[in-house]
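[1] The following block contains a protein sequence and its predicted model.
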Amino acid sequence: MNKTKLRILMLTHSVYSRDIRVRRYAEYLVNDGYLVDVICLATEDNSPQSQDTRLGVYPVPMTRRRREKLGHLLDWGMSIFFMFWYTNKLNFKHHYDLIHVHNMPDLLVLCAVVQRLGGTPVILNIHDAVPELTQSKLGIGPRHPLVRIQNLLEKICIALSSHVITATKSFKKKLVERGTAEKKITVITNFPDERLFDSRDSLRVRNINDTEFVLLYVGTVAYRYGLETVVKALPYLRKRIPGIKLQVFTKIKEEGKALSDCQQLALDLQVEDIFEVNDPVPLEKMPSIMANADVGVYPALKDCHMDNALSLKIPEMVNMELPIIASRITVLEELYGPDSIAFVESGDTTEFSRKVVELYEFPEKRQLYARTAKAKGSRMLWKDQYPIYRNLVEKLIFKS
């Protein structure tokens, strides 16, 4: 079969232009001669999401919102409805050789059930294990009825899939423990795309003579990510560090209650003037934003999900040689170790504050953390993960 004739469809409940996880799969595939279409959510202003004519990007008429409880379920239900329609409409025209579904939710697999029954291979990419994420978001235990329902839905969605991709070995282990055959799972880790995040192309521009000292937080703002810990530290840090500023770039507009609570906390603590919240920016701008910061922060609260979930922003900051203060969670300790990241106990405002002051007062420590992490990160790049994915795609297509 001629590779240039192979067509792949991807589905994601995200804005494609801002989701580097999905973009790198699609862009590397088209560079290899595949034809790729993506069904995704629309941007807030309905702007185009790709300039690459080799890619077809088809946004459904809804965008990403941070809603809770019933509103959250309604959003998922509507996206599944629209994406099911788009999938079958596009497949009638293009007859896809493979469909790649990115969770969350796992139920997006249902959009490709007709094609799966017709023999088309379907990959379910579990970026986040939903049962553990449910426990993390709601603060409930593994035997809670909602978690049991998520376990059942996960099993159904995996059964409807030809193969499963997970982001970490820990996620794979959990899936195997829940009954998925080990041979049905491939681990493809969230490593950075060096085409965008490369410090050689975007040199660090901060130095000890700058009047500001910028702490950078990038990505989802939800309670489990612990941004409140950083906000609580700002009154103390303001006294110790002239020009201190916390800069936040959210994943979506109107991130929701967790961000609103942090903004209210900043007002209560009278530090709102040094707490800067920015709307999402194009991925292409993020390297320069990281280059203009002094320290990246990842204050995640350790639990059954966050302890094993690798935020892509960590390896991206590592590759940009931005020193990082992060909660002491297992996945980061295993990948980088204490010589590469300044670890603190999750939720400990006092320890976090002291670590920030230490890195401010000793810039050579910041440089050492950054260089050591970069050396380790040079062995953790997307170009090394992509061949694993490409081989899996070819195996599934030719087998079918």
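    The structure has been received and is ready for your questions. Numbering: from 1, shown residues only.

[2] In this protein, where is pLDDT below threshold?
    1-4, 68-69, 199-210, 400 (pLDDT under 70).

[3] how about the helices of it, start to end?
    All helices of the chain, identified by DSSP state H, fall at 20-31, 69-94, 113-117, 130-138, 145-159, 169-177, 227-240, 257-268, 286-291, 313-319, 330-335, 349-361, 363-377, 382-399.

[4] Just give me how far stretch 257-269 sits from the chain centre.
    24 Å (C-alpha atoms, centre = their mean, to the nearest Å).

[5] Likewise for stretch 215-230?
    With C-alpha atoms, centre = their mean as the basis, the mean position of stretch 215-230 lies at 13 Å from the chain mean.

[6] What is the end-to-end distance of that stretch?
    Stretch 215-230 has an end-to-end distance of 9 Å (criterion: C-alpha to C-alpha, to the nearest Å).

[7] Hmm, residue 16 is touching residue 22, no?
    Yes. Contact status for residue 16 versus residue 22: in contact at 6.0 Å, counting by C-beta atoms under 8 Å. Yep, even glycine has a C-beta here, placed from its N, CA and C like the rest.

[8] list residues touching both of those two?
    Common neighbours of residue 16 and residue 22, using C-beta atoms under 8 Å, 6 or more residues apart in numbering, are 38, 40.

[9] Number of residues surrounding residue 95?
    11 (other C-beta atoms under 10 Å).

[10] distance of it from residue 398?
    16 Å (C-beta to C-beta, to the nearest Å).

[11] how far away is the closest residue in space to residue 129 that isn't next to it in sequence from residue 26?
    By the measure of C-beta to C-beta, 6 or more residues apart in numbering, the closest residue to residue 129 outside its immediate chain neighbours is residue 171, 5.1 Å from it. The gap separating residue 171 from residue 26 is 22 Å, by C-beta to C-beta.

[12] List the contacts of stretch 276-289.
    So stretch 276-289 is in contact with 15, 17-18, 20, 23, 196-198, 201-202, 216, 218, 245-253, 259, 263, 316, 320, going by C-beta under 8 Å, 6+ apart.

[13] Please flag which of the residues you listed sit within strands.
    Among those, the members falling in strands (DSSP state E) are 15, 216, 218, 245, 246, 247, 248, 249, 250.

[14] Same list (the residues you listed) but as CSV, adding neighbour count and distance to residue 6.
    CSV is the format used below for the ones in strands among the contacts of stretch 276-289 (neighbours: other C-beta atoms under 10 Å; distance: C-beta to C-beta, whole Å):
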residue, neighbour count, distance to residue 6
15, 22, 26
216, 22, 40
218, 25, 35
245, 20, 48
246, 22, 46
247, 20, 43
248, 22, 41
249, 20, 36
250, 20, 36
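
[15] who's in contact with residue 266?
    231, 234, 272, 275.

[16] try 6 Å this time
    Listed by C-beta atoms under 6 Å, 6 or more residues apart in numbering, the contact partners of residue 266 are 231, 272, 275.

[17] most surrounded residue in the residues you listed?
    So for these (other C-beta under 10 Å), the most neighbours sit at residue 231, 26 neighbours.

[18] any idea how this protein splits into domains?
    3-191+381-399, 213-377 (automatic domain parsing).

[19] Against residue 157, how distant is residue 64?
    21 Å.

[20] whoops, residue 57 was the one
    Counting by C-beta to C-beta - residue 57 and residue 157 are separated by 24 Å.

[21] higher neighbour count, those two?
    Between residue 57 and residue 157, counting by other C-beta under 10 Å, residue 157 is the more crowded of the two (23 against 18).

[22] Nearest spatial neighbour of the more buried one, chain-adjacent residues omitted?
    residue 106 (4.0 Å).

[23] what about the one you found, how many neighbours?
    24.

[24] cool, the one 5 residues further on as well?
    The local packing of residue 111 (other C-beta under 10 Å) involves 24 other residues.

[25] Surely it touches residue 87?
    Yes. With contact defined as C-beta atoms under 6 Å, residue 111 reaches residue 87; the gap is 4.6 Å.

[26] Could I get the contacting residues of the residue nearest to residue 157?
    130, 154, 157.

[27] Closest one of these to residue 379?
    Nearest to residue 379 out of the contacts of residue 106 is residue 130 (C-beta to C-beta; 30.1 Å).

[28] separation between the residue nearest to residue 157 and residue 55?
    Distance, residue 106 to residue 55, using C-beta to C-beta: 25 Å.

[29] now do residue 349
    Taking C-beta to C-beta, one finds residue 349 at 44 Å from residue 55.

[30] How about residue 123: what's its closest non-neighbour residue?
    residue 100 (4.6 Å).

[31] Now for the one you found, how many residues are close by?
    28.

[32] And it, how close does it get to residue 36?
    In terms of C-beta to C-beta, residue 100 sits 9 Å off from residue 36.

[33] Return the residues in contact with the residue nearest to residue 372 when sequence neighbours are not counted.
    Excluding its sequence neighbours, the residue lying closest to residue 372 (C-beta to C-beta, 6+ apart) is residue 340, at 4.7 Å. By C-beta under 6 Å, 6+ apart, the residues touching residue 340 are 372, 373, 376.
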